[in-house]
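Colleague: Please work out how this folds:
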Amino acid sequence: MALRTILTTEHDEEALRKRSRPVTVFSGRTHQMLDDMIETLRESGGVGLAAPQVGILRRMVVIEREDGSILELLNPEIIATEGEQTGAEGCLSLPGIWGEVTRPMTVTVRAQDRNGETFTETASGLIGRCFVHECEHLDGILFTDRADHILTQEELDALDETAEGEEDAR
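Modeller: Sure thing, here's the model as predicted:
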């Protein structure tokens, strides 16, 4: 496994705006790319990572679930959504930028695993949000394209204080 460099809008806007191609070969090279993406995701502290964020224009996503397990989505397609949630969203490719984004509450995706087997997965809350965010990366769409509002530093500080207060209350 190897750490990959995460592309950022500071230097790589054009690469992040390209549409990814489907994965058609489920071989050792694809497995290695997925393993590299997982290592990069875990090192970064993020929740999800799409292949274009590390310079691979293939339809591949890795997401770390709340329990620490990794979900690999190749050629993911959102097939159902339900409800709505609005909240602060950030991105490894846009360091320091956060925005208020409205997303579906529950999302179902159909995808393939690293061996080409098709499956469906449904998630709500943060992981449901992540499904949409990462799938949009595959089409060259960034969360700032969807943001209702980009948060100021003062708004971010207020969110941090609220989160700390909630942790203290537990």
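Colleague: Please count neighbours and contacts with C-alpha atoms only from this point.
Modeller: Noted.
Colleague: Going by neighbour count, list what's buried in the helix or strand hosting residue 73.
Modeller: Assigned by DSSP states H and E, residue 73 falls within strand 70-82. Buried residues in strand 70-82, defined by neighbour count with 16 or more other Cα atoms under 10 Å: 70, 72-78, 81.
Colleague: How about stretch 98-115?
Modeller: Here stretch 98-115 shows 98-114 as buried, counting by 16+ other Cα under 10 Å.
Colleague: One more: stretch 43-50?
Modeller: Buried residues in stretch 43-50, counted by 16+ other Cα under 10 Å: 47-50.
Colleague: ok, of those, which one's closest to residue 65?
Modeller: residue 47 (7.5 Å; Cα to Cα).
Colleague: Hmm, residue 68 and that closest one touching each other?
Modeller: No - counting by Cα atoms under 8 Å, residue 47 stays clear of residue 68, with 9.8 Å between them.
Colleague: where does the protein have low pLDDT?
Modeller: 1, 163-170 (pLDDT under 70).
Colleague: where do the helices sit along it?
Modeller: Remark: helices assigned in the chain by DSSP state H are 9-16, 28-44, 125-137, 143-146, 153-169.
Colleague: Report the buried residues of stretch 148-164.
Modeller: Buried, per 16+ other Cα under 10 Å, within stretch 148-164: 150-151, 156.
Colleague: can you put the buried residues of strand 70-82 in CSV and add distance to residue 14?
Modeller: Listed next are the buried residues of strand 70-82 as CSV, based on distance: Cα to Cα, whole Å:
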residue, distance to residue 14
70, 28
72, 25
73, 24
74, 23
75, 22
76, 22
77, 23
78, 25
81, 29
